[in-house]
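**Student:** next one to model:
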Amino acid sequence: MPKLTIDGLDVDVPAGTSVLQAAEQLGIEIPRFCYHERLPVAANCRMCLVEIEKMPKPVASCAMPVSEGMVVKTQSDVALQARKDVMELLLINHPLDCPICDQGGECDLQDQAVAYGKGRGRYTDDKRTVTEKNLGPLVKTAMTRCIHCTRCVRFLTEIAGVPELGMMNRGEHAEITTYVEKALTSELSGNIVDLCPVGALTSKPYAFTARPWELKKTESIDVLDAVGCAIRVDTRGNQVMRVLPRLNEDVNEEWLGDKSRHACDGLLKRRLDTPYVRRNGHLQAVSWPEAFAAIKERLSDLPGAAIAAIAGDLADAESMFALKQLMFALGSPNLDCRQDGAALDPKVSASYRFNTSIAGIEEADALLIVGSNPRIEAPVLNARIRKRYLKGDFKIAHIGTKADLTYPVQHLGEDVSVFQAIVDGTHPFFETLKSAARPMIILGMGALSRDDGARILGAARHVSEKAGLVVDGWNGFNVLHTAAARVGGMELGFVPGPNGLDTQGILAAARRGDVQAVWLLGADQIETNSLDRAFVIYQGHHGDVGAQVADVILPGAAYTEKSGTYLNTEGRVQRTRRAVFPPGEAREDWKIIRAVSEALDHTLPFDTLESLRAALETAIPSFAVLDVATPGVWGDFGENGALDSGLGALGSAISNYYMTDPISRASPTMARCTLEIGDHVKADARTGTNG
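**Tutor:** Just a heads-up that it's a prediction; the model follows:
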């Protein structure tokens, strides 16, 4: 390891480390604009200049590898003057519009101009102007502010795998553009706003709405997909103004999907803020006691077998646990958290987890994707797959509808017969998996929610065992969920009890009239026509599909309005934090269920969140271990039997990335994305173009 001296301090660093990285290990700050630790080095802003002995001029520290005996001075007169000169050049064409710039208050250029600049400029000629670019409904441009750091270009090209931005022309005429005027089609495009060190790229939905010093910042997690990205919710008063990513190396690094970032405006639209009861065919606003009385009137005389409950995709573990306890108190075994009917085995935890872990993707050397499109189901996880691909020696195959996954894949076909051939060991990719040191498979909901989903699950288990995907120290069997509530519901047993009905059975029994009351805990992805004869209780926060067929509506809290526990697709226990209060008469879901239980004379044995969590952790000890992803326990799961080619192609469970849940369906921003970007995404999926 080379040994060098920086500002009089000696340090040993691995060969290939840059001077800037070595300085950071010593806690020495070197200013930079273009350098970012997760992006390829560009070395084009020159702000990180340092003086190195025996070199004739200042050197860009981000691109200079260390060498034995090197002596670096970061605070010498030469280095400080060089930075002042660079800053003066950067500000030559930068407009003086900080008071109206959305980047104001959290702008790298502002901070470094104060810390490293001269204090005033000498340039008196006219500044150049650059025409604004239309990058779609999410990213607002002010390209006259651009300092050509190319962070946005490198992110979209390398991390997102959608090379739609680049630099044209040279010198003073250089500008960042999409070449052809078009909206960015990456599901990760919002991250370039975070990366931009100046105000050239800002959030279009957030434009001119708030200043950073006005906002209260709450650390939480995202629940609009099953990845569980770490986020920060910024609020003003009782309104969520924006959602930003937080650093979590094991889950999302520092990236966030566009839906998770921008669907927050849906939290203000179509909200349920008071209880309703259907009278004479019309929903009427009522008080909480009246709503409870209506529920008691209908449920009191019903046998347990005539009552059922279905949990939706955004339900937290506390509310599902409370509802499960209430259903059992009423004598009902009919409950399910799998709205789509996915064939997941609640008895074997490994059958419904992403056992490799998200960070573990980087250790794999072969991958088979079945019935999933990770790009639209979990964009941040898909970026991790692309990151592994860029390292090389990573063979990826895909069975399902042809799509652009942002990295080259071997498309094996759309029919389950291809997967059957791999199970039988007659397909060449079986040998690829078997010969790999750390192979993995990703099963999507598009495969498991089919009528032969249980057999596909069993076939995937057979492949895993025959090809060596599950060995000591490595579990390559993975299920990629699309619902934040799914793994938590499976873990706490929100599934049919003895002789109980699953989702499809509940809906069929409701059509026949055998199930006479159905409790929908935010369940909006079911066939509601089957509930015409049943008494429907809908508990949720938006007037979505479930609320439209409800006889009683109980207004709940969204994920930003409560402290709730979720398990991501890995089985990692995470918690949201309340950033704002629910609107109007809406309440946290577990509190509503607790109040209903008292009205029904089956009072649940907890009246605080702490006592509820204590009961949950006593019943399922795994809920007590926060933020740790462990592989599930392997066992026998799934069914044996031939796969059914007559059911059509293996496709993704998601058709529109921007609208997958009540919040995003209520979001005006997501509606604009669907209109402006949706057609581009569908076209890419049809052509199967790979980045």
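**Student:** how near is the closest residue to Pro275 other than its chain neighbours to Val573?
**Tutor:** In space, and not counting its chain neighbours, Pro275 is closest to Ala291: 3.8 Å by C-beta to C-beta, 6 or more residues apart in numbering. Heads up, the C-betas are built off the backbone N, CA and C, glycines and all. Going from Ala291 to Val573 by C-beta to C-beta, to the nearest Å gives 32 Å.
**Student:** for Ser667, same thing?
**Tutor:** 28 Å.
**Student:** and if you look at Thr177?
**Tutor:** In this view, Thr177 and Val573 are 45 Å apart by C-beta to C-beta.
**Student:** list the contacts for Gln112?
**Tutor:** Residues in contact with Gln112 (C-beta atoms under 8 Å, 6 or more residues apart in numbering) are 31, 33, 47, 87.
**Student:** quick one: name whatever helix or strand follows the helix or strand that it is a member of.
**Tutor:** Following DSSP states H and E, one finds Gln112 within helix 108-116. Per DSSP H and E, the first helix or strand lying C-terminal to helix 108-116 is strand 139-141.
**Student:** counting neighbours, what do you get for the residue nearest to Pro275?
**Tutor:** Other residues near Ala291 come to 25 when the count uses other C-beta atoms under 10 Å.
**Student:** would you mark the buried spots in stretch 467-481?
**Tutor:** Residues of stretch 467-481 classed as buried under the neighbour-count rule (16 or more other C-beta atoms under 10 Å) are 467-470, 474-481.
**Student:** which one of those residues is nearest Arg211?
**Tutor:** His481 (37.5 Å; C-beta to C-beta).
**Student:** how about the closest one, phi and psi?
**Tutor:** Main-chain dihedrals, His481, degrees, to the nearest 10: phi -80, psi 160.
**Student:** give me the number of residues near the residue lying closest to it once chain neighbours are set aside?
**Tutor:** In this structure, His481 finds its nearest non-sequential neighbour in Ala226, 3.8 Å apart by C-beta to C-beta, 6+ apart. Neighbour count of Ala226, defined by other C-beta under 10 Å: 26.
**Student:** what pLDDT does Ala226 get?
**Tutor:** For Ala226, the pLDDT comes out at 96.
**Student:** that one and Asp250, how far apart?
**Tutor:** 15 Å.
**Student:** what residues of the helix holding Gln112 count as buried?
**Tutor:** Applying 16+ other C-beta under 10 Å to helix 108-116 flags 108-110, 112-113, 116 as buried.
**Student:** ok, of those residues, which one's closest to Pro99?
**Tutor:** For the buried residues of helix 108-116, the nearest to Pro99 is Gln110 (11.4 Å; C-beta to C-beta).
**Student:** setting aside sequence neighbours, what's the nearest residue to the closest one?
**Tutor:** The nearest residue in space to Gln110 (C-beta to C-beta, 6+ apart) is Cys98, at 6.5 Å.
**Student:** same check, this time on Arg384
**Tutor:** What sits nearest to Arg384 in space, not counting adjacent residues and going by C-beta to C-beta, 6+ apart, is Ile361, at 4.9 Å.
**Student:** go on, Val240?
**Tutor:** In space, and not counting its chain neighbours, Val240 is closest to Cys264: 4.7 Å by C-beta to C-beta, 6+ apart.
**Student:** which regions of the chain lie under the pLDDT threshold?
**Tutor:** 679-691 (pLDDT under 70).
**Student:** tell me who's in contact with the closest residue to Gly312 other than its chain neighbours.
**Tutor:** Distances taken as C-beta to C-beta, 6+ apart place Gly522 nearest to Gly312, at 3.3 Å, with adjacent residues excluded. Gly522 sits next to 311-315, 539-541, 546, 556, 589, 662 when contact means C-beta under 8 Å, 6+ apart.
**Student:** look up phi and psi at Gly522.
**Tutor:** Here is the backbone geometry of Gly522 (degrees, to the nearest 10): phi 70, psi 20.
**Student:** change the start of the numbering to 394 and stick with it
**Tutor:** That works, and once the first residue is 394, the last one we named lands at Gly915.
**Student:** from Thr875, how far off is it?
**Tutor:** Plainly put, Gly915 is 15 Å away from Thr875 if you go by C-beta to C-beta.
**Student:** count residues in the vicinity of Thr996, would you?
**Tutor:** 14.
**Student:** actually Ala790, not the one I typed
**Tutor:** Ala790: 22 neighbours (other C-beta under 10 Å).
**Student:** got the contact list for it?
**Tutor:** Contacts of Ala790 (C-beta under 8 Å, 6+ apart): 760-762, 802-805, 822, 825.
**Student:** tell me where the stretch 794-943 of the chain has strands.
**Tutor:** 803-806, 832-837, 863-864, 867-868, 870-873, 910-914, 928-933 (DSSP state E, counting those that start in this stretch).
**Student:** with distance to Gly724 added, can I get those strands in a markdown table?
**Tutor:** Listed next are the strands of the stretch 794-943 of the chain as a markdown table, based on distance: least, C-beta to C-beta, whole Å:
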| stretch | distance to Gly724 |
| --- | --- |
| strand 803-806 | 48 |
| strand 832-837 | 35 |
| strand 863-864 | 40 |
| strand 867-868 | 38 |
| strand 870-873 | 32 |
| strand 910-914 | 12 |
| strand 928-933 | 16 |
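**Student:** which one of those lies nearest to Glu446?
**Tutor:** strand 867-868 (48.1 Å).
**Student:** make sure Leu1005 is indeed in a helix.
**Tutor:** Yes. Assessed by DSSP: H, G, I helix; E, B strand; the rest coil, Leu1005 belongs to a helix.
**Student:** measure Glu647 to Phe548 for me?
**Tutor:** Counting by C-beta to C-beta - Glu647 and Phe548 are separated by 11 Å.
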